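> From the sequence below, what's the structure:
(one chain, ligands or ions: 1)
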Amino acid sequence: MKLPGLNTQILLGAIFGVAAGVYFHSLGTAHPFVQTGLYASGLVGTLFIDLLKMILIPLVFCSITVGIANLRQHRQMHRVWVATLVFFMFTMAIAITLGMAASLYFKPGAGVEIAMFSDAMRNFSAAQISPSEFATQFLHGLFVNPFKALSEGNVLAVVIFALFLGIALVMGGERYRNILVLLQEAQEITMRIVGWVMVLAPFGIMALLIKLVATQDTAMIGTLAKFMGVVTGITLLHGVVILPLLLYLITGTTPLAFWRGAREALITAFATSSSNATLPITMRCTTRNLKVRPEIAGFVVPLGATVNMDGTALYEAAAALFIANLVGVELSFAQQLIVFFTAMIAAMGAPGIPSAGMVTMVMVLQSVGLPAEAIAILLPIDRLLDTLRTTVNVQGDMVGSLVVQKLAAAPEA
Ligand code: ASP
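Residues are numbered from 1 along each chain as shown. This is a model prediction of the structure:
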């Protein structure tokens with residue numbers, strides 16, 4: 001019998017995972033069968049993520065270095081760099097604007113009693129951090145001893161060091177040819193290993209989704225339904241309409257063609273809630289399926305995984321307005337502008353790991369004097385909302401690499 005293709009297997013794994021998760025949830029986590037099932041899915045899911053993380057850092061390091069070195073040979077470095085940053089900022093700005101506009105219009109949180117959450121807030125203490133401290137920490141974290149960054153899995157610092165190395169390789173030209181060839185071969189090898197990990201993706205994704213759905217705390221969902229509805233609706237609008245429209249207008253790629261090429265990465269992002277863990281698969285989809293040249297994808301995708309987060313930016317802004325409504329504070333226009341900018345910085349500073357956005361959101365709340373402890377209210381629903389925002393974060397990186405490829409190839413004005 002012939003097995004269905006990997007894409008179909010992944011989709012089936014995801015559907016089966018959600019269905020089994022719902023069934024487990026209905027039985028209750030105390031049921032012995034469910035406990036065994038949760039143990040097994042916890043193990044398989046963790047191993048899948050471990051495998052992705054194992055290959056992540058070597059892949060990022062080699063892809064960026066080789067990518068930069070090859071770009072420079074084509075004299076495109078400057079354009080790629082500028083197009084990437086402009087695209088990242090532009091799409092995050094659209095996402096935040098949508099999130100804020102929808103929150104101002106639908107006013108989730110207005111009329112809900114904050115006293116309901118007083119217990120949760122009392123038992124939660126948020127680390128205080130101001131935007132300036134946050135910026136200092138972020139900048140300070142950019143330049144790190146490469147061996148430390150590599151061993152700690154610090155993606156952003158590895159990206160930065162690889163940029164330096166890539167530029168140095170180009171400046172040195174023929175002199176460092178052997179190192180470049182070595183890194184090129186190392187990158188091919190890491191992609192080969194990613195291919196092996198992909199074979200396990202259907203099982204990994206199924207296991208992660210079973211665990212996620214089965215262990216959801218549904219009590220809070222009712223109270224926060226309106227907020228969840230607004231965030232989910234706007235995130236979907238951004239991912240299903242805005243990004244595909246931009247992609248189509250700039251590159252002519254249809255939404256269907258994009259979905260076909262990107263789905264493995266999108267489903268993995270949904271199941272893992274981690275842009276970093278998904279990165280090896282994002283790279284594979286971008287270069288193999290969407291046919292972005294490796295030197296462009298090698299630069300745009302890893303950088304995007306840590307700094308380009310449309311879903312997170314949207315969420316941070318919407319959540320700040322939600323909390324303002326909850327505590328009954330009317331934010332002035334100036335304060336709304338502050339939320340806009342701090343949400344962007346907070347999203348850029350959030351690492352691509354589950355619930356990272358929650359941590360950096362403290363800064364957004366504090367910038368306009370909202371109580372950071374109110375984050376405790378959002379924690380029970382965060383893992384659920386994280387699935388979709390991570391998917392849109394990863395989608396933004398793939399759309400970005402296609403757009404940058406197109407813009408960088410355009411003839412000089
Ligand atoms: N989980 C998100 C990501 O990896 C970050 C966040 O928490 O918003 O992209």
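> Spatially nearest residue to Thr251, not counting backbone neighbours?
Nearest residue to Thr251, sequence neighbours excluded (CB to CB, 6 or more residues apart in numbering): Lys406, at 4.5 Å. C-beta: built from backbone N, CA, C; applies to glycine.
> Sketch out the low-pLDDT regions of the protein for me.
Applying pLDDT under 70 to the chain flags the ranges 1, 72-75, 113-129, 410-413.
> picking up where we left off before, I figured the residue nearest to Thr251 was touching Tyr248, is that so?
No: the criterion here is CB atoms under 8 Å, and Lys406 misses it with Tyr248 at 11.4 Å.
> Among these two, which residue is more densely surrounded?
Taking neighbours as other CB atoms under 10 Å, Lys406 and Tyr248 compare with Lys406 leading, 17 against 14.
> May I ask which helix or strand encompasses the more buried one?
Per DSSP states H and E: Lys406 is located in helix 375-409.
> What of Leu321?
Going by DSSP H and E, Leu321 is in helix 310-326.
> Now the element after that helix, going C-ward?
helix 333-349.
> is any part of that following helix close to the ligand?
No: with CB under 6 Å from any ligand atom as the criterion, the ligand is not reached by helix 333-349; the gap is at least 7.2 Å.
> Quick one: distance of that helix to the chain centre.
18 Å (CA atoms, centre = their mean, to the nearest Å).
> Pull up the residues of the stretch 251-400 of the chain that are close to the ligand.
By CB under 6 Å from any ligand atom, the residues of the stretch 251-400 of the chain that approach the ligand are 273-275, 309, 312, 350, 352-357, 386, 389-390, 393.
> ok, now which ones touch the one residue in the stretch 251-400 of the chain that gets nearest to the ligand?
With CB to the nearest ligand atom, the shortest gap between the stretch 251-400 of the chain and the ligand falls at Gly357, namely 2.9 Å. Applying CB atoms under 8 Å, 6 or more residues apart in numbering to Gly357 gives the contacts 309, 312, 315-316, 346-347, 350, 382, 386, 389.
> hey, which helix is longest across the chain?
In the chain, assigned by DSSP state H, the helix with the most residues is helix 32-73.
> Give me the next element, helix or strand, following that helix.
Criterion used, DSSP H and E; the element after helix 32-73 is helix 77-106.
> okay, now Met171: neighbour count?
Other residues within reach of Met171 by the criterion other CB under 10 Å amount to 11.
> Distance check, it against the ligand.
The gap separating Met171 from the ligand is 34 Å, by CB to the nearest ligand atom, to the nearest Å.
> Which residues outside the helix or strand encompassing that residue are in contact with it?
Per DSSP H and E, Met171 falls inside helix 155-172. Helix 155-172 has contacts (CB under 8 Å, 6+ apart) with 56-57, 60-61, 63-69, 72-73, 141-144, 146, 148-150, 176, 179-180, 276, 279, 302-303, 305-307, 351-352.
> Would you mark the buried spots in that helix?
155-163, 165-167, 169-170 (16 or more other CB atoms under 10 Å).
> Next, the angle from the following helix or strand past that helix to helix 32-73.
Downstream of helix 155-172, the first helix or strand assigned by DSSP H and E is helix 177-214. Put simply, helix 177-214 runs at 150 degrees to helix 32-73, going by axes from the mean of the first three to the mean of the last three CA atoms, to 10 degrees.
> buried sites along helix 177-214?
180, 183-184, 186-187, 190-191, 194, 197-198, 201-214.
> Now do that helix and helix 155-172, the angle between them.
Using the same axes, to 10 degrees: helix 177-214 against helix 155-172 is 160 degrees.
> For the helix or strand following helix 177-214, which outside residues touch it?
On the C-terminal side of helix 177-214, the closest following helix or strand by DSSP H and E is helix 219-223. The contact list for helix 219-223 (CB under 8 Å, 6+ apart) reads 112, 116, 228, 380-381, 384.
> circling back: what's the longest helix of the chain packed up against?
helix 6-27, helix 77-106, helix 155-172, helix 177-214, helix 275-284, helix 294-307 (3 or more CB pairs under 8 Å, 6 or more residues apart in numbering; DSSP states H and E).
> now the angle from the longest one to helix 375-409?
Here helix 177-214 runs at an angle of 140 degrees relative to helix 375-409 (the same axes, to 10 degrees).
> which one among the buried residues of helix 155-172 gets closest to the ligand?
Nearest to the ligand out of the buried residues of helix 155-172 is Val155 (CB to the nearest ligand atom; 10.4 Å).
> I'd like the distance from that closest one to Ile267, if you could.
As judged by CB to CB, to the nearest Å, Val155 and Ile267 stand 21 Å apart.
> now do Ala219
According to CB to CB, Ala219 stands 28 Å off from Ile267.
> Check Met309 too.
Met309 sits 18 Å away from Ile267, taking CB to CB as the criterion.
> more neighbours, the two?
Legend: neighbour count by other CB under 10 Å for Met309 and Ile267, higher for Met309 (35 against 22).
> who are the neighbours in contact with that one?
Met309 sits next to 92, 275, 347-348, 350, 352, 357, 389, 393, 396 when contact means CB under 8 Å, 6+ apart.
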